[in-house]
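Participant: Model the structure of this input:
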Amino acid sequence: TRIGDAAFAKSQLKSINIPASVNYIGAHAFNSAVNLEAIVFDEDSSLTTIEAYTFAGTTNLKSIIIPSNVTRIGNNAFSEAIALETIIIPSNVTHIGNNAFSEAIALETITFDKDSSLTTIGDYAFGGTKKLKSIIIPSKIVHIGKNAFREAISLETITFDKDSDLKTIEDYAFAGTINLKSIVLPDGVKSIGSFAFSEARSLTSIIIPNSVTFIGSDVFGGTASLESITIPFVGISREATDWQAVFGIIFGKTEYDETYEANGYYLPNTLKEVIVTDATTIGGGAFREAYSLTSIVIPNSVTNIGNFAFYKTGLTSFVIPSSVTSIGSYAFNSVYGLNSIVIPSSVTNIGELAFNSLSSKFYLEADSKPSGWSANWYFYNYSEFIYWSGQWHYDMSDNPVPNN
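Facilitator: Residues are numbered from 1 along each chain as shown. I've put the predicted structure just below:
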């Protein structure tokens, strides 16, 4: 009923049939059995656990059918099984350990049985699986460990079940997935660790749901093709302040190819659009000097736009939500592509030099300058560029235009 620890380690076995009566296979049992090509379990196998390093280094093993009663795959269980091409994870498996399939460089297909019970993918579990092109993450997975798919360089698609229970994506989980093109994280995710998608160089878009409460630093460092990102807040959390509340922190301070420096952080040249979905504040310097950004959308929950928030961005249009009450000094200063902007009547405070562009036209819902606006809220203060309530209207395309 038992195969002991290291029982066939470094053996010359080419194949083995494991009878149904075997309910335990020890750690390292077949470790470095480099000639082993076939492992067959009886259909009614009573095995429940694959221990640590059990099949590690079985360099000629191409496939294996894991018995249906197995609930746990231990650390390094199939690490460096470099010929392994396919694996089917039975529905009863709840845990895949650290490094379980790491450096299985020929692994092309990972299939999870329907109604999978899997809740945890351990650290570096599939790290270095260089031929894996796609994966469907089962709905009951709660935790994806550090480096779980790191340098899975052929990975193009990651699909999450619509009813996903996923809560945590740890540091470097998908780092170096250089062919990953887009990803939509499921509602319910709470935390995304530092460097989680760093150097995902083909990633063009990502949507982060409002359920997320923490985004680590450098999460998207080196995402050289990123064009659009949807985030619930700016910075690492809704509560973040100062330097932790700036947009660039999720890209980090490491200079990669095809990036530019913005306020001390390096953003991809390709990034044009940011959609913020659940913030109440856009902090001081939040998007400062992010000149590649032509479109930034903020939600109707934002009440405060801080000093220098959009200073020297590449904005060509911007909607200030009616929830905003305060705009800080220099907030839109040096945004030369912004041809017009509507300032809603909700805005009762504007700091000095919040706006300055000779080409900008200001359409104001207020009848006259509120007392809380700085005397030089607009640097040039040319009256021909400023239209108060009653002096402008929306045209058929819903664009503000001066009255005739």
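Participant: Only the buried residues of stretch 223-240, if you could.
Facilitator: Buried residues in stretch 223-240, counting neighbours by 16 or more other CB atoms under 10 Å, are found at 223-226, 228-238, 240. Any C-beta I mention is one placed from the backbone N, CA and C, and that applies to glycine too.
Participant: Relative to residue 297, which of those is nearest.
Facilitator: Checking the buried residues of stretch 223-240 against residue 297 by CB to CB gives residue 230 as the nearest, at 9.0 Å.
Participant: I'd like the mean pLDDT over the helix or strand hosting residue 401, please.
Facilitator: Residue 401 is part of strand 400-402, with elements assigned from DSSP states H and E. For strand 400-402, the mean per-residue pLDDT is 94.
Participant: Repeat that for stretch 114-124.
Facilitator: Stretch 114-124 comes out at a mean pLDDT of 96.
Participant: what residues does it touch?
Facilitator: With contact meaning CB atoms under 8 Å, 6 or more residues apart in numbering, stretch 114-124 is reached by 71, 75, 89, 91-100, 102, 112, 138-148, 150, 165, 170.
Participant: Between the two ends of it, how far is it?
Facilitator: With CA to CA, to the nearest Å applied, stretch 114-124 spans 24 Å between its terminal residues.
Participant: buried sites along that stretch?
Facilitator: 116, 117, 118, 119, 120, 121, 122, 123, 124.
Participant: what does stretch 1-16 give?
Facilitator: Buried residues in stretch 1-16 (16+ other CB under 10 Å): 3, 5, 6, 8, 9, 11, 16.
Participant: So which of the residues you listed is the closest to residue 84?
Facilitator: residue 16 (15.9 Å).
Participant: How about the contacts made by the closest one?
Facilitator: Residue 16 touches 8, 30, 36, 38, 39, 40, counting by CB under 8 Å, 6+ apart.
Participant: now this structure, which segments are flagged as low pLDDT?
Facilitator: 357-359, 380-383 (pLDDT under 70).
Participant: ok, now with 80
Facilitator: In the predicted model, the chain carries pLDDT under 80 at residues 357-359, 379-384.
Participant: ok, back up a step: what is the strand holding residue 401 packed up against?
Facilitator: strand 361-364, strand 392-394 (3 or more CB pairs under 8 Å, 6 or more residues apart in numbering; DSSP states H and E).
Participant: what does that strand rub up against?
Facilitator: Defining contact as CB under 8 Å, 6+ apart, one finds that strand 400-402 is touched by 340, 342, 361, 363, 387, 391, 392, 393, 394, 395.
Participant: Export these as JSON lines, with columns for neighbour count.
Facilitator: Converted to JSON lines, these look like this (neighbours: other CB atoms under 10 Å):
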{"residue": "340", "neighbour count": "17"}
{"residue": "342", "neighbour count": "18"}
{"residue": "361", "neighbour count": "18"}
{"residue": "363", "neighbour count": "21"}
{"residue": "387", "neighbour count": "20"}
{"residue": "391", "neighbour count": "12"}
{"residue": "392", "neighbour count": "20"}
{"residue": "393", "neighbour count": "13"}
{"residue": "394", "neighbour count": "11"}
{"residue": "395", "neighbour count": "9"}
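Participant: of those, closest to residue 158?
Facilitator: Distances from residue 158 to those, taken by CB to CB, are shortest for residue 342, at 39.6 Å.
Participant: Using just helix, strand and coil, how would you label that closest one?
Facilitator: With DSSP: H, G, I helix; E, B strand; the rest coil as the basis, residue 342 sits in strand.
Participant: list the contacts for it?
Facilitator: Going by CB under 8 Å, 6+ apart, residue 342 touches 319, 320, 363, 364, 365, 400.
Participant: can you tell me which residues contact the nearest residue to residue 2 once chain neighbours are set aside?
Facilitator: Leaving aside its sequence neighbours, residue 2 sits nearest to residue 24 (CB to CB, 6 or more residues apart in numbering; 4.6 Å). Contacts here follow CB under 8 Å, 6+ apart; on that basis residue 24 touches 1, 2, 3, 47, 49.
Participant: any chance of those residues in TSV, plus distance to residue 61?
Facilitator: Below are these laid out as TSV (distance: CB to CB, whole Å):
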residue	distance to residue 61
1	24
2	22
3	16
47	17
49	19
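Participant: Out of the residues you listed, name the ones that lie in strands.
Facilitator: Using DSSP state E, 2, 3, 49 are the members of the contacts of residue 24 that sit in strands.
Participant: Could you dump those residues into a markdown table with distance to residue 256 added?
Facilitator: Putting the ones in strands among the contacts of residue 24 into a markdown table (distance: CB to CB, whole Å) gives the following:
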| residue | distance to residue 256 |
| --- | --- |
| 2 | 52 |
| 3 | 48 |
| 49 | 42 |
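Participant: Nearest to residue 55 among those?
Facilitator: Nearest to residue 55 among the ones in strands among the contacts of residue 24, counting by CB to CB, is residue 3 at 11.8 Å.
Participant: and that closest one, what does it touch?
Facilitator: By CB under 8 Å, 6+ apart, the contact set of residue 3 is 18, 22, 24, 25, 26, 29.
Participant: Of the contacts of stretch 114-124, select the buried ones using a ChimeraX command.
Facilitator: Command for ChimeraX that selects the buried part of these, burial taken from 16+ other CB under 10 Å:
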select :75,89,92,93,94,95,96,97,98,99,100,102,112,138,139,140,141,143,144,145,146,147,148,150,165,170
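Participant: Secondary structure element holding the most centrally placed residue in the chain?
Facilitator: The C-alpha lying nearest the average C-alpha coordinate of the chain belongs to residue 197 (CA atoms, centre = their mean; 5.8 Å). Using DSSP H and E, residue 197 is not contained in any helix or strand.
Participant: Just give the number of residues close to the nearest residue to it once chain neighbours are set aside.
Facilitator: Spatial nearest neighbour of residue 197, excluding adjacent residues (CB to CB, 6+ apart): residue 174 at 5.1 Å. Using other CB atoms under 10 Å, residue 174 is surrounded by 26 other residues.
Participant: who are the neighbours in contact with residue 174?
Facilitator: Taking CB under 8 Å, 6+ apart as the test, what residue 174 contacts is 148, 149, 150, 152, 155, 158, 180, 183, 196, 197, 200.
Participant: now with 6 Å?
Facilitator: 149, 196, 197 (CB atoms under 6 Å, 6 or more residues apart in numbering).
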